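> based on what follows, work out the 3D shape:
(chains A and B)
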Amino acid sequence: MTYTPDIPAPEDTPSVSQGQLLTNFQQINTVFGVNHVALSPAVANSGKHNFSSFVEQGTEPTAGASESLIYSVDDGGDTELKIANSNGSFQATMDNLLYIGAHPVVGVNFEPSASTGALPGGNIKSSFNVSGINVDATGRYTISFTNNVTDRTGSDTRDYIWDAQVMGTAGIAVVCAASGADYTTVVNPGSIQIEAYNNAGNRFTPTRIVLTVYKVQ
Amino acid sequence: MPLYKTTIPAANDRISATWRDLRNNFGALGEIFQVDHYALDDEDADLRGRHIKASHVTQSADPTTAVGERAVYSKLNGNTVDLYMREDDSAGAGGTVKKITSDQYLDVNLRLEAWAVVVITRDPGTLNFTFKVAEQEYEDKDGVVRTRRLASDNVASITQIPSSVAEWFAARFAFSPSLSTADYIWSLTSFQKQDLRRQMLSARPDATYSNSVTAAKLDVASTTLSIGVEDGDDVYRMVLKIWTVAP
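This next block holds a predicted model:
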């Protein structure tokens, strides 16, 4: 079925135009129904979007002075959304994440314990993508992730960004990636080991520790 | 709204019999197209057909995507309607579905719920500090110079509070409205001009968490790592970020 935009012509007889008009009305309903609540049957939401699908654009469109655009482009085989406005364009998605350059993939606020072994779940006050925390020794903790940190290709990676902070009990306290013979013994795709030190340079049990891990996109 | 008919005109219809249906269809087409879009006959010809907005009706299931296209749509998440996206179906098993919004926020797993860049000054010879949110001038699109406050709106104030021994200063961030939880994830970093009296910023040490950290406040302390000369070694700036786990 095709849409014929240039009918009826002045010299057409109604019997000729009838089929074309009917086809056009049907075709409009069918095509408009892609992504939208269809014209017929008419319902309260007719005209609104069911969803918006964005077909890859070979040439990136440019936004006019008073408009912003959403479109998709090929990015190394993936179809990614971009947004353009009067200041230019930027990538809005990467794989299954919003694209913000470095995406937080782990976050936790926990109350350490002096007892070694698995930290009770109640001591994990808030978290994302944390499967558990182990108290390896006084002031030494391994935070395990539910899902490994991955790189752009989907492979596990240790090359991520972490930020740990501590609330001590008194005086100066620091928290850092644990000392280890090798980076790979401390920072892993599925976990990170951290240590808290007091003013005397000894590992100790602080009041609270917070940690974030960012995946480089 | 006139009813759009997909069955007219019939083969033996005469114009005199179907002209109303034809006109109704053109009218319905124009009215429904105006939902979310500029009208087919908008007085500004350049606007005709463009989107005003895209309102997405809640879908009961994730729509399928083809290879080379990505979809954005609405779906119920509990009692909330959130925006979702689905990757293209290059693997042939259905693209990965990801939530775009989480309540009133973009869903980025953790959300930056509060932040501030703070300029710190000290009256010489005293331990009286002033904390002020940094400001930045910028030109808006009309060329008017405006001032932007480098803090999130919920950072209501930063004030000095009495400090303990070994604390160079202590300060309180007050949040209004309060943060969504007291179990947030903070990050504090500082800038010093000299390295003589190295300061370290942290949530104010205390054996009781809520003495320093609540949804309405964060008490911070600058403790001294090494003793140096009296002046010229202060913390001049501190940057606060507070993340919370997205609901």
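
> which residue does chain B bring closest to chain A?
residue B:35 (2.8 Å; Cβ to the nearest Cβ). Glycine gets a C-beta too; all of them are placed from N, C-alpha and C.

> tell me which strands and helices the helix ranked longest in chain A is in contact with?
When chain A is parsed with DSSP state H, its longest helix is helix A:14-32. Helix A:14-32 sits against helix B:15-33, with contacts defined as 3 or more Cβ pairs under 8 Å, 6 or more residues apart in numbering or on different chains; DSSP states H and E.

> can you list the buried residues in the longest helix of chain A?
In terms of neighbour count (16 or more other Cβ atoms under 10 Å in any protein chain shown), helix A:14-32 has its buried residues at A:17, A:18, A:20, A:21, A:22, A:24, A:25, A:26, A:28, A:29, A:32.

> return that helix as CSV; C-alpha atoms alone will do.
Included here for helix A:14-32 are C-alpha records, laid out as CSV according to Å, rounded to 0.1, in the frame of the first residue of the first chain:
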residue,chain,number,x,y,z
PRO,A,14,-14.6,10.7,-8.5
SER,A,15,-14.6,7.0,-9.5
VAL,A,16,-10.9,7.1,-10.1
SER,A,17,-10.0,9.2,-7.0
GLN,A,18,-12.2,7.0,-4.7
GLY,A,19,-9.7,4.2,-4.5
GLN,A,20,-6.7,6.6,-4.0
LEU,A,21,-8.5,8.6,-1.3
LEU,A,22,-9.4,5.4,0.5
THR,A,23,-5.9,4.1,0.3
ASN,A,24,-4.5,7.4,1.5
PHE,A,25,-6.7,7.5,4.5
GLN,A,26,-5.8,3.9,5.4
GLN,A,27,-2.1,4.6,4.8
ILE,A,28,-2.1,7.7,7.0
ASN,A,29,-3.7,5.7,9.8
THR,A,30,-1.2,3.0,9.5
VAL,A,31,1.9,5.2,9.2
PHE,A,32,0.8,7.5,12.0
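
> what residues does it touch?
Identification of contacts with helix A:14-32 by Cβ atoms under 8 Å, 6 or more residues apart in numbering or on different chains yields A:1-5, A:7-8, A:38-40, B:4-11, B:13-15, B:22, B:25, B:29, B:32-33.

> which secondary element of chain B has the worst mean pLDDT?
strand B:105-106 (a mean of 78; mean pLDDT, DSSP states H and E).

> which SSE is immediately downstream of that strand?
Following strand B:105-106 in sequence order, the next helix or strand is strand B:110-122 (DSSP states H and E).

> low-scoring stretches of the chain, by residue?
Assuming you mean chain A. Confidence mapping of chain A against pLDDT under 70 gives the ranges A:1.

> wrong one, I was asking about chain B
Within chain B, the segments meeting pLDDT under 70 span B:1, B:194-197, B:225-234, B:247.

> which residues are in contact with the spatially most central residue of it?
Per Cα atoms, centre = their mean, the C-alpha nearest to the average position across chain B is that of residue B:105, at 5.4 Å. Contacts were defined as Cβ under 8 Å, 6+ apart; by that measure residue B:105 touches B:111, B:246.
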